[in-house]
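> quick one: sequence and predicted model below, then my questions.
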Amino acid sequence: SRLPLPPGPPNLPIIGALPFIGPMPHSGLALLARRYGPIMFLKMGIRRVVVASSSASARTFLKTFDSHFSDRPSGVISKEVSYNGQNMVFADYGPKWKLLRKVSSLHLLGSKAMSRWAGVRRDEAISMIQFLKKHSDSEKPVLLPNLLVCAMANVIGRIAMSKRVFHEDGEEAKEFKEMIKELLVGQGASNIEDLVPAIGWLDPMGVRKKMLGLNRRFDSMVSKLLVEHAETAGERQGNPDLLDLVVGSEAKGEDGEGLCEDNIKGFISDLFVAGTDTSAIVIEWAMAEMLKNPSILQRAQQETDRVIGRHRLLDESDIPNLPYLQAICKEALRKHPPTPLSIPHYASEPCDVEGYHIPGKTWLLVNIWAIGRDPDVWKNPLVFDPERFLQGKMARIDPMGNDFELIPFGAGRRICAGKLAGMVMVQYYLGTLVHAFDWSLPEGVGELDMEEGPGLVLPKAVPLSVMARPRLAPAAYGLH
Ligand code: HEM
């Protein structure tokens, strides 16, 4: 190609543009994009990377060039945490990936499967609310992200393997949250071994060693769950769960092969890693924003009181009647997308895009975070203002991958496999919390810290610790 490479920062020998990116890649790359434009090319160590930082450039890569960029890059860390690329998140686009997506959509994440499992989501919401109600008597703050991750993991555990995996205040739930957090921080870290192989074996940041240890712990948790599940098969005669269906699935991919043990383990670990912290993080940020802006919380509670009253809990079927709650969720996904740089895509072959040449073996990063804060699209992008989704052209914006101004779940063929589940869990669990309790900061905490933490996902650096005070009629909590 005679076309030039897209503009980008200078690439230094060996380390490329790493020093210009800084410790938080999503915000560092967003700053660079202001200077070099919405399609930017740079090197991270030896890796070639193209970064899309506007809605138009995201559309170009995820719609026009979707099939070209639909693989995942393989690195030391991704191999360690993905059963060697045999799971869904890190598999290349191909027969195995298609089979995993089909099976998960049919039995868990598609719209029909989602309605089948509404009862499980309700049970776990009630369990979370009852725990909070009892806890509120102690007048102690609660660590909201831990409680949410526990609820999400229980929903997944019960649907996937008929097992409630954690108790709300058990040590295991706390350890699980820590493990997921560390895995996601590790996956987001610039692993020197991947970027600068020449010095990689030194493992200067200790990332590889840590990830290997974490992966062993996570694998042993998944293996234990699988063994327990096989032992209790008799109890589920005639009433198979997701894992029974996946293990017993005769389905074959286009290559004539079925799912192997690594695919199944990878699939289960995908559900726990990709499906718990992501939704929990959005709810945590939304609550933090409302604690900073109490009038938003009050308006949301007035809406729930008007639609639901104070004598029963919120039900999933109430959500279509709660437009302000929906707007709050969209606003949280805009300002705090849980995967700020999405998950990297990869193109092995070269191509020409918008007048630029993109060489083969290039990673694609879509800066979802920068797109949600683009001042050319969003008025006052740093202000948390759900109102923006209630009127004008933004009222029609849908976050499910069709409107590129707001793509928290990505778009195109690699779009989040759990986008329906993610959206429902965020709306239902956030709405339930807002409706059932009044929220405040613990005594002595003046200003709420809103710093972002590092990693593949974007948590609050300081986990949200809050006081909950029941606000419904006592019978609504179903404790007597
Ligand atoms: C609010 C919640 C969630 C958000 C914002 C979110 C966001 C994302 C994003 C941005 C991607 C990468 C898309 C791409 O590569 O272009 C992704 C992938 C994925 N997500 Fe989610 N996610 C959420 C919840 C969930 C849930 C609940 C599950 C499952 C239970 C899930 C399972 C997955 C899987 C399996 C993939 C990999 C898909 C593939 O590579 O084909 N996610 N998610």
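Yep, it's here.
> shaky segments in the stretch 1-150 of the chain?
76-81 (pLDDT under 70).
> redo that, cut-off 50
Filtered on pLDDT under 50, the stretch 1-150 of the chain yields no residues whatsoever.
> for Tyr93, which non-adjacent residue is spatially closest?
Distance criterion CB to CB, 6 or more residues apart in numbering; nearest residue to Tyr93, sequence neighbours excluded, is Ser70 at 4.0 Å. From N, CA and C alone the C-beta is placed, and that goes for glycine too.
> before we move on, what about Arg312?
Nearest one to Arg312, counting by CB to CB, 6+ apart, is Ala476 at 5.4 Å.
> go ahead and confirm that neighbour touches Asp315.
No. With contact defined as CB atoms under 8 Å, Ala476 does not count as touching Asp315 (11.7 Å).
> of those two, which one has the most company?
Shown here are Ala476 and Asp315; by other CB atoms under 10 Å, Ala476 has more neighbours (20 against 14).
> spit out the contact partners of the more buried one.
Counting by CB atoms under 8 Å, 6 or more residues apart in numbering, Ala476 makes contact with 310-313, 436.
> for the stretch 351-480 of the chain, which residue gets nearest to the ligand?
Gly418 (2.2 Å; CB to the nearest ligand atom).
> which positions in the stretch 201-350 of the chain make contact with the ligand?
270-271, 274-275, 278-279, 282, 338-339, 342-343 (CB under 6 Å from any ligand atom).
> list the buried ones in the one helix or strand Asp262 maps to?
Using DSSP states H and E, the element containing Asp262 is helix 261-292. Across helix 261-292, burial judged by 16 or more other CB atoms under 10 Å covers 263-291.
> over to stretch 209-216?
For stretch 209-216, by 16+ other CB under 10 Å, it's 210-211, 214-215.
> now swap in stretch 291-307 and tell me
Buried-residue list, stretch 291-307, by 16+ other CB under 10 Å: 291, 296-297, 299-301, 303-304, 307.
> ok, of those, which one's closest to Ile159?
Using CB to CB, the shortest approach to Ile159 within the buried residues of stretch 291-307 belongs to Thr304, at 26.4 Å.
> for Leu291, see how far away the residue nearest to the closest one when sequence neighbours are not counted is.
Leaving aside its sequence neighbours, Thr304 sits nearest to His435 (CB to CB, 6+ apart; 3.9 Å). For His435, the distance to Leu291 equals 16 Å [CB to CB, to the nearest Å].
> check whether the helix or strand where Gln130 lies comes near the ligand.
Assessed by DSSP H and E, Gln130 sits inside helix 118-136. No. Contact of helix 118-136 with the ligand is not found when judged by CB under 6 Å from any ligand atom; the minimum separation is 11.1 Å.
> hang on, the residue nearest to Arg312 in a helix?
Yes. Ala476: assigned to a helix according to DSSP: H, G, I helix; E, B strand; the rest coil.
> just want the most central residue of this structure.
Geometric centre of the chain, nearest residue: Thr278, 2.9 Å, by CA atoms, centre = their mean.
> the closest residue to that one other than its chain neighbours in helix, strand or coil?
Take Thr278 and drop its neighbours on the chain: the residue closest to it by CB to CB, 6+ apart is Pro338, 4.3 Å away. At Pro338 the chain is in coil, as set by three-state DSSP.
> contacting residues around the residue of the stretch 351-480 of the chain closest to the ligand?
With contact taken as CB under 8 Å, 6+ apart, Gly418 is in contact with 109, 271, 274-275, 278.
> got the confidence number for it?
pLDDT recorded at Gly418 is 94.
> same deal with Val246?
For Val246, the predicted pLDDT is 81.
> the helix or strand hosting it packs against which elements?
If you go by DSSP H and E, Val246 is part of helix 242-247. For helix 242-247, the elements it packs on are helix 144-161, helix 261-292, judged by 3 or more CB pairs under 8 Å, 6 or more residues apart in numbering; DSSP states H and E.
> as CSV, those helices with distance to Val457 would be great.
Supplementary listing: those in CSV, determined by distance: least, CB to CB, whole Å:
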stretch, distance to Val457
helix 144-161, 11
helix 261-292, 6
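> looking at these, spot the one closest to Ser1.
Ser1 lies closest to helix 261-292 among those, at 35.8 Å (CB to CB).
> tell me the mean pLDDT over stretch 176-189?
Mean pLDDT, stretch 176-189: 69.
> contacting residues for the residue of the stretch 151-300 of the chain at minimum distance from the ligand?
Distances between the stretch 151-300 of the chain and the ligand by CB to the nearest ligand atom are smallest at Gly275, namely 2.6 Å. Counting by CB under 8 Å, 6+ apart, Gly275 touches 152, 156, 418, 421-422.
> need the contacts of Gly418 in CSV (columns: distance to Leu225).
Below are the contacts of Gly418 laid out as CSV (distance: CB to CB, whole Å):
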residue, distance to Leu225
Leu109, 19
Leu271, 11
Ala274, 17
Gly275, 15
Thr278, 20
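> surely Asn321 touches Thr304?
No. If you go by CB under 8 Å, Asn321 and Thr304 don't touch, sitting 9.7 Å apart.
> about what we covered before: quick one: which of the buried residues of stretch 291-307 is nearest to Pro381?
Using CB to CB, these come closest to Pro381 at Ile296, 16.7 Å.
> contacts only, for that closest one.
289-290, 328, 384, 386.
> can you redo those residues as TSV with pLDDT and distance to Pro408?
Formatted as TSV, the contacts of Ile296 follow (pLDDT from 0 to 100; distance: CB to CB, whole Å):
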residue	pLDDT	distance to Pro408
Glu289	98	15
Met290	98	18
Ile328	98	14
Phe384	98	15
Pro386	98	15
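> got those residues as a markdown table, with distance to Arg47 columns?
Shown next, in a markdown table, are the contacts of Ile296 (distance: CB to CB, whole Å):
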| residue | distance to Arg47 |
| --- | --- |
| Glu289 | 35 |
| Met290 | 39 |
| Ile328 | 38 |
| Phe384 | 35 |
| Pro386 | 38 |
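> name the SS class of Leu364, please.
strand.
> specify the beta-bridge partners of it.
Val50, His345 (DSSP bridges).
> which ones are touching it?
49-52, 61, 69, 344-347.
> out of the contacts of Ala476, which are buried?
Buried among the contacts of Ala476 by 16+ other CB under 10 Å: 313, 436.
> contact residues of the stretch 51-200 of the chain facing the ligand?
88-89, 156.
> Asp255 - nearest residue in space that isn't next to it in sequence?
Using CB to CB, 6+ apart and skipping the chain neighbours, the partner closest in space to Asp255 is Pro95 (4.1 Å).
> same question, Ala347
Phe69 (4.8 Å).
> burial count for that neighbour?
For Phe69, the neighbour count with other CB under 10 Å is 26.
> please apply the same query to His336.
24.
> please apply the same query to the one 3 residues further on.
By the measure other CB under 10 Å, the count of residues near Thr339 is 24.
> skipping adjacent residues, who's closest to it in space?
Val457 is the one closest to Thr339 (CB to CB, 6+ apart), at 5.7 Å.
> distance to Gly16 and neighbour count added to the residues of the stretch 51-200 of the chain next to the ligand, as JSON lines?
Below are these laid out as JSON lines (distance: CB to CB, whole Å; neighbours: other CB atoms under 10 Å):
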{"residue": "Met88", "distance to Gly16": "30", "neighbour count": "22"}
{"residue": "Val89", "distance to Gly16": "25", "neighbour count": "22"}
{"residue": "Ile156", "distance to Gly16": "38", "neighbour count": "26"}
